[in-house]
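K.L.:
For reference, the sequence and a predicted model appear below.
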Amino acid sequence: MKLRSSLLVCGILLAGTALPAAGQGPGYRSGFWWSVGFSYGTASVSCDICTDGRGGGLSLSGVAGGTLSPSFRLGMEADGWRQSNEGLNEYMGVLSAVIYWYPQVSGGLYLKGGAGYVAYRISDEDDELKSSGFGPQIGIGYETRVWGHASIQPFLSAIITIPTGQLELNGDRQADNVNLSLLQVGLSVTWH
């Protein structure tokens, strides 16, 4: 239910800001940029022996890069997700190369694509289960300039690994062809 509410809020924010923002011309996006984001994230692990379900928790993002043109930005993104429940601590970390495309140079709508490495771990006092893999990342957002060279962006982002990873319990392989995924709905602040 929380995920549906978060998706609805993000959709309303994106739809409500779909008009070009004043002062967001080609000169606005230039040079080095960096961004910090906060979101609600849901993560899942899929394999032959895994139980279905998604865990929800706080997710943080950091991105830095350069501007290729007023329509394209390139960057490196790091995401961290965490959830704790009944003595279990779950973590997922992502490191990705991403590119942002603005279909309209003077508009704020962007599409994000890229690829990254995902690492997952769940542990309690006695055991640790972990996996990792590589996969594509996609996203959508809307950038609105708020002051100077700063902007805010509601966003939706997802990364899903290719099912080639292994699942290990305390270092011993338990399963192959593991899929990891992280879905984020949130808000970020960018400085150009």
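P.N.:
Yep, it's here. Numbering: from 1, shown residues only.
K.L.:
For Pro70, give me phi and psi.
P.N.:
phi -60, psi -20 (degrees, to the nearest 10).
K.L.:
so what's the residue most central in space within the chain bridging to?
P.N.:
Closest residue to the average C-alpha location of the chain: Ser157 at 4.5 Å, with C-alpha atoms, centre = their mean. Applying DSSP bridges to Ser157 gives these bridge partners: Gly139, Gln184.
K.L.:
distance of it from Asp172?
P.N.:
Noted for Ser157: a distance of 33 Å to Asp172, by C-beta to C-beta, to the nearest Å. The C-beta positions use only the backbone N, C-alpha and C, and glycine is treated the same way.
K.L.:
Just the CA coordinates for the one helix or strand Tyr91 maps to, please, in PDB.
P.N.:
Under the criterion of DSSP states H and E, Tyr91 resides in strand 88-101. What follows is strand 88-101, C-alpha atoms only, in PDB (Å, rounded to 0.1, in the frame of the first residue of the first chain):
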ATOM      1  CA  LEU A  88      17.000  -9.100  10.400                       C
ATOM      2  CA  ASN A  89      19.100  -6.300   8.700                       C
ATOM      3  CA  GLU A  90      18.800  -6.000   4.900                       C
ATOM      4  CA  TYR A  91      21.100  -3.900   2.800                       C
ATOM      5  CA  MET A  92      21.300  -3.300  -1.000                       C
ATOM      6  CA  GLY A  93      24.000  -1.100  -2.600                       C
ATOM      7  CA  VAL A  94      24.200  -0.100  -6.300                       C
ATOM      8  CA  LEU A  95      26.900   1.600  -8.300                       C
ATOM      9  CA  SER A  96      25.900   2.600 -11.800                       C
ATOM     10  CA  ALA A  97      27.000   4.600 -14.900                       C
ATOM     11  CA  VAL A  98      23.900   6.600 -16.000                       C
ATOM     12  CA  ILE A  99      22.900   9.000 -18.700                       C
ATOM     13  CA  TYR A 100      20.100  11.500 -18.500                       C
ATOM     14  CA  TRP A 101      18.200  12.600 -21.700                       C
END
